[in-house]
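**Student:** next input, structure requested:
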Amino acid sequence: MGRVNEAELEWTETDRGEARFKRKQLGEAAGGDALGCSLYELPAGHKSWPFHYHTANEEAIYVLEGTGSIRLATGTDDPDDEVHDLTPGTYVALPADESGGHRVINDSEGVLRYLAVSTMVEPDVTVYPDSETFGVFVGSPPGGREERSLEGYYDADADVGYWDGE
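**Tutor:** Numbers count the residues shown, from 1 in each chain. The predicted structure is shown next:
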């Protein structure tokens, strides 16, 4: 049984455009294998990872402190139907398919703290509908630290025929 106190861990920071957050990988630090868990802090006015979904990994978000919103895939073109409030105690289940598309947004004036939990299945493909790209992870899932045998991000329109180059 692995055990860790988040106070013992250092934050890692991401600052890329409107995505700005701090993260502590609790699951990894506790020796988790099939289940990942990270503590996130989003400062006021910033967002998490770009809007995406996983094809192999289910995720969930649980809000600990602060308020914000989450953009969810709804299957409609109405942006008002895609954004939902986040408050302490909110739990959001994100399936491993297009319906699990999400992005956390801190549109408040305080810090937003939440846990993100996920299965740690590989291989996995993450799809980014806004940029029409996708990522491939083989050998270690997204958030995993093992060496990967194949990893990369690709333009969804840059396909080739099966026999091209063979």
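**Student:** those helices in this structure, which residues are they?
**Tutor:** Shown for the chain, the helices assigned by DSSP state H span residues 26-29.
**Student:** show me the shaky parts of it.
**Tutor:** Within the chain, the ranges that satisfy pLDDT under 70 run 1, 75-81.
**Student:** switch to 80 and redo it
**Tutor:** 1, 74-81, 143-145 (pLDDT under 80).
**Student:** where's the residue most central in space within it relative to Ile105, distance?
**Tutor:** Centroid-nearest residue in the chain, with CA atoms, centre = their mean: Trp49, separated by 5.9 Å. Using CB to CB, to the nearest Å, one obtains 11 Å as the distance from Trp49 to Ile105. (Each C-beta comes from the backbone N, C-alpha and C, glycine too.)
**Student:** ok, Tyr153 next?
**Tutor:** From Tyr153 to Ile105 the distance is 22 Å (CB to CB).
**Student:** correct me if wrong: Cys37 contacts Thr119.
**Tutor:** No. Using CB atoms under 8 Å, Cys37 is not in contact with Thr119; the gap is 10.9 Å.
**Student:** hey, what's in contact with both of these two?
**Tutor:** With contacts taken as CB atoms under 8 Å, 6 or more residues apart in numbering, Cys37 and Thr119 have no neighbour in common.
**Student:** the two: who's more crowded?
**Tutor:** Using other CB atoms under 10 Å, the more surrounded residue of Cys37 and Thr119 is Cys37, with 20 against 16.
**Student:** ok, for that one, nearest residue in space, not its chain neighbours?
**Tutor:** Gly27 (4.0 Å; CB to CB, 6 or more residues apart in numbering).
**Student:** and for the one you found, the neighbour number?
**Tutor:** Residues lying near Gly27 (other CB under 10 Å) number 22.
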